[in-house]
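**Q** for reference, the sequence and a predicted model appear below.
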Number of protein chains: 2
Amino acid sequence: MSDHFLHGFLNPASIAIYGANNTFGTTMGTMLLLRIINSNFRGKIFPIHLKLDIVLGYKAYKKIADVPEIPDLVVIVLPPKVVPQVFKECGEKGVKRIVLISGGFRELIGDRTNTLTDEIIEIANSYGIRFTGPNCLGLYNSWIYPEGDGKFNTMMWREQLKRSKFSIASQSGTLASQLWLDPEYPDFNAGKSISLGNEANIDLVDFLEYFKDDDETKVVGLYIEEIKRGKKFIQLAKEITPKKPIITIYGGGSEAGNRAIKSHTGSIGANMKIFDAMIKETGIIKTDNVEEFLDISSILLTPSFPYPKGKRIGIITHSGGPGALIANNAERNGLTVPEFSDALQAKFKSMLPHTASWRNPIDITFDMNIFNLYINFPKILMKSGEIDIIIIYGAMGFGSLAASEQQNSRISQYLEMRTDMEDRMQEMDTFLIPPTIKASHKYSVPVIYINPQSYADEWSKKIREHGGIVFQFWDRPVNTLTKICDYANYRRRFE
Amino acid sequence: MSDHFLHGFLNPASIAIYGANNTFGTTMGTMLLLRIINSNFRGKIFPIHLKLDIVLGYKAYKKIADVPEIPDLVVIVLPPKVVPQVFKECGEKGVKRIVLISGGFRELIGDRTNTLTDEIIEIANSYGIRFTGPNCLGLYNSWIYPEGDGKFNTMMWREQLKRSKFSIASQSGTLASQLWLDPEYPDFNAGKSISLGNEANIDLVDFLEYFKDDDETKVVGLYIEEIKRGKKFIQLAKEITPKKPIITIYGGGSEAGNRAIKSHTGSIGANMKIFDAMIKETGIIKTDNVEEFLDISSILLTPSFPYPKGKRIGIITHSGGPGALIANNAERNGLTVPEFSDALQAKFKSMLPHTASWRNPIDITFDMNIFNLYINFPKILMKSGEIDIIIIYGAMGFGSLAASEQQNSRISQYLEMRTDMEDRMQEMDTFLIPPTIKASHKYSVPVIYINPQSYADEWSKKIREHGGIVFQFWDRPVNTLTKICDYANYRRRFE
């Protein structure tokens, strides 16, 4: 990857930063430098400040010319009017990469002139400078030091964010950074994220080109308001989607949405029909909801996820209500929940109490044979060839529930415990989950576990540690499956 | 309420229970009694057990005849075949209320005879016994001791579940109990919940009748697979919905859904068109998704929630992406995001930097004037009469983010803190939230805050403590608003 011009943006060995000082909470530049430092960036940092000698512990320089080397990257968080001058000084210094955070370059409402943007574009071109922004939040790269700790991060608040192979390029800073604030959201994390801002110089298409051959990118996420280079975008997307899914969420479409994004006339993004046709042609997965954007990414990023071969859902549940509701949502979304063959029904019937159901959904009711729920039934379904995806309702952390029940119990003195029980609770995940995940791979039948406890519940975490997919309720995974199946189908054409 | 026959079911002073013992994790009856005890039930408990003298610290009795009084309620968790005999013994004792947990009474697949159910119905009738179930999880009543701690609870695992005025009657045990397992879900809690099971004696309509005049019920939630008494259901629903919303989630509809619930032929529930027509006629709010069921309830239960007068959404955001996406989802769902009048635009323009937008959405961009975002702009919108609902994106807990940033910072020695800042952080909620909530009431314009941090985030909790509505992402509240507005409109007819 090192030969692509964006590599240097995401992997700088040294940075200079304009706009940071020593007072917490006063300027965006200070917050941004704090995040760079707190993310364990290992490179050199050169704060540029007219008055201060030290900024956050680093020797500060009055001007970029004083910095003892040419920094790999310059980050600018200054009022827009001084930016052209700073660009010139950077150009004179020999700087080639700038992240221009500053806002205030957009067209004013009712005023189409935008000379400041033209001015900095011209300066950049004359010095051979490439830059992201203006009006952006910068960059996030958790892969800068592949062997260990440390990130290059100007914008993600969550320090504990784990590394993933999800790479995001976004025309909204929020979609590039604020979606990941919840530490308990399904172990879903970002690998690289770019806040593109106004795209005065570097655009979405540049990053698509970069992600295409990037080994650290398995899934691409895009937030799009407009596409400046439509033909190139389509060409690149067509090259990427047979190998890596691209998930996109589009900010335009409605009258108010278009007003909100103030799309430039004539851009592909401005016309919903053209946008949708392009999405279909390129195999891009499109969603209108940010949670669906996260959910689809989350599913596709799960290491164990095999692309399903069709749209037939098999449901295993210990409760009739969720079974019925999963079936309804699946059919409503264009999936099928086929009644099992007579032979398969007979097989399940022989393994279940007579009060259960075995036609699809399989409702095991009160008969909590945990091995059937977690291992035997999923494997039988996979081997049958009658279904393509399995949803298991009721993958609950009985252990943690039991523990809380005992702890709270004011009558524990009277309560006998089966002495082996706690140990078995502790290791239960190791014999319930991996065999099913392994079979899921073998038969290419994804399994989705539903645990109504929170994402942060210990049992949910254990299932995910074994590579399983867990959701709290069934609506979201079921509602996204059609899109995932459609993409799986598109992808299959190229195999 | 004490004159309704169901009052005694939810407020027993004494219970007898069949099927509990002293060994943890072996029988459902034991788990159920543990929950009753751990929920601080203050009444008398009489375990019935053929061999044990003590069950979980309570003196056990060999048979119900030996119990020194007639228990208010009997809970039975025994194999179905012994249930008729137990019913008879209870009848002889003078018991009038039974919760029949046991499964195994349903029609077998392909076998329509169901003599066991007929048998217990007949016995119950001959003794004047009323009973819930069979095949249910029992009851939950957090209002049994209105003045203090303690619940009557046979089925909710979450002991910390707070009391609310949401009353649920469900033909699925899961929908009656397992939706509330996540302690961090928006401070959304249940007040009363009934797992109806097979409805051999007491049905959904009985509970609807009970909820109608129940002061502890503000919102009713129903999970429906079939309605046994359609006419009475419609009549009651029509009486309730002008005063209290009823939210329903329906288990039938699709081929597989119907197969899953094995609806009885001819029941209203078996035909989706009839069901939908009935929903429309009665003003019931219907949803197909369990998260939407929770979200709508959560919004309607918020003490500060005023019913909106129309469907015009005003959006205030500090980020363009969410503003555009909220607008798109709103319009897609039949709401409007009207462009503000010239006068209103001029007003906002005068209060915003020139880089902002003020046409709707209002995008304050980098200008984080927190008073505008939280108080001034919402109030101006309310007074304008131009919008009916306000959504604020970016209600983030800056305090907790800042705290974590400082804590992590290895350069805190270099960082000056504005000494007044932490104190201001601590009290910020008290001056940012209440004025807006108060105005929201006055103008009958609901406000929905979006905080991309988790529900459990301190700032989200503070907003909710002040009576505000908080969601992590915008999709879910925006997607539900049409249903809420339609209900508000229905309700207005009766004012």
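**A** Now that the structure is in, tell me what you want to look at. Residues are numbered from 1 along each chain as shown, chains lettered A, B, ... in the order given.
**Q** what about residue A:54, neighbour count?
**A** Applying the criterion other C-beta atoms under 10 Å in any protein chain shown, we find 12 residues in the vicinity of residue A:54. Where C-beta positions appear, they are placed from N, C-alpha and C, glycine not excepted.
**Q** need the pLDDT of it.
**A** In the prediction, the pLDDT value recorded for residue A:54 is 95.
**Q** distance check, it against chain B.
**A** 7 Å (C-beta to the nearest C-beta, to the nearest Å).
**Q** phi, psi for that residue please.
**A** The phi and psi values for residue A:54, taken as degrees, to the nearest 10, are phi -130, psi 130.
**Q** could you find the closest non-adjacent residue to it?
**A** Taking C-beta to C-beta, 6 or more residues apart in numbering or on different chains as the measure, residue A:54 lies nearest to residue A:60, with 6.0 Å between them; neighbours along the chain are not counted.
**Q** now for that neighbour: which residues touch it?
**A** For residue A:60, the residues meeting the contact criterion (C-beta atoms under 8 Å, 6 or more residues apart in numbering or on different chains) are A:46, A:47, A:48, A:49, A:52, A:53, A:54.
**Q** what remains of the residues you listed if I keep only buried residues?
**A** Restricting the contacts of residue A:60 to buried positions leaves A:46, A:47, A:48, A:49, A:52, with burial counted as 16 or more other C-beta atoms under 10 Å in any protein chain shown.
**Q** now the residues you listed in JSON lines, with distance to chain B and secondary structure?
**A** Putting these into JSON lines (distance: C-beta to the nearest C-beta, whole Å; DSSP: H, G, I helix; E, B strand; the rest coil) gives the following:
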{"residue": "A:46", "distance to chain B": "15", "secondary structure": "strand"}
{"residue": "A:47", "distance to chain B": "11", "secondary structure": "strand"}
{"residue": "A:48", "distance to chain B": "17", "secondary structure": "strand"}
{"residue": "A:49", "distance to chain B": "13", "secondary structure": "coil"}
{"residue": "A:52", "distance to chain B": "10", "secondary structure": "coil"}
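**Q** can you pull the contacts of residue A:259?
**A** Contact analysis of residue A:259 by C-beta under 8 Å, 6+ apart lists B:327, B:339, B:359, B:360, B:361.
**Q** same thing but at 10 Å, please
**A** When contacts are counted by C-beta atoms under 10 Å, 6 or more residues apart in numbering or on different chains, residue A:259 is found next to A:109, A:252, B:323, B:324, B:327, B:337, B:339, B:357, B:359, B:360, B:361.
**Q** and the fifth one, what's its pLDDT?
**A** Okay, so that is residue B:327. 95.
**Q** host element of the nearest residue to it once chain neighbours are set aside?
**A** Spatial nearest neighbour of residue B:327, chain neighbours left out: residue A:256 (3.6 Å); criterion: C-beta to C-beta, 6+ apart. Mapping residue A:256 onto the secondary structure by DSSP states H and E places it in helix A:255-261.
**Q** tell me which residues of the longest helix seen in chain A come out buried.
**A** Longest helix in chain A, counting residues (DSSP state H): helix A:475-492. By 16+ other C-beta under 10 Å, the buried positions in helix A:475-492 come out as A:475-481, A:483-485, A:487-488, A:490-491.
**Q** can you check stretch A:428-443 too?
**A** Applying a neighbour-count criterion of 16+ other C-beta under 10 Å, the buried positions in stretch A:428-443 are A:428, A:429, A:432, A:433, A:435, A:436, A:437, A:439, A:440, A:443.
**Q** now do the phi/psi pair for the fifth one.
**A** Think residue A:435. Backbone torsions for residue A:435, taken as degrees, to the nearest 10, come to phi -60, psi -40.
**Q** wait, isn't it in contact with residue A:375?
**A** Yes - between residue A:435 and residue A:375 there is a contact under C-beta atoms under 10 Å: 5.4 Å.
**Q** before we move on, the earlier item: mind checking how far the residue nearest to residue A:54 is from residue B:438?
**A** Look at residue A:60 and residue B:438: by C-beta to C-beta, to the nearest Å, they are 47 Å apart.
**Q** likewise residue A:33?
**A** Shown here: residue A:33 relative to residue B:438, a distance of 40 Å by C-beta to C-beta.
**Q** over to residue A:287?
**A** If you measure residue A:287 against residue B:438 using C-beta to C-beta, the figure is 37 Å.
**Q** now residue A:91
**A** Residue A:91 sits 54 Å away from residue B:438, taking C-beta to C-beta as the criterion.
**Q** ok, residue A:392 next?
**A** Using C-beta to C-beta, one gets 47 Å for the distance from residue A:392 to residue B:438.
**Q** and for residue A:187?
**A** Using C-beta to C-beta, one gets 41 Å for the distance from residue A:187 to residue B:438.
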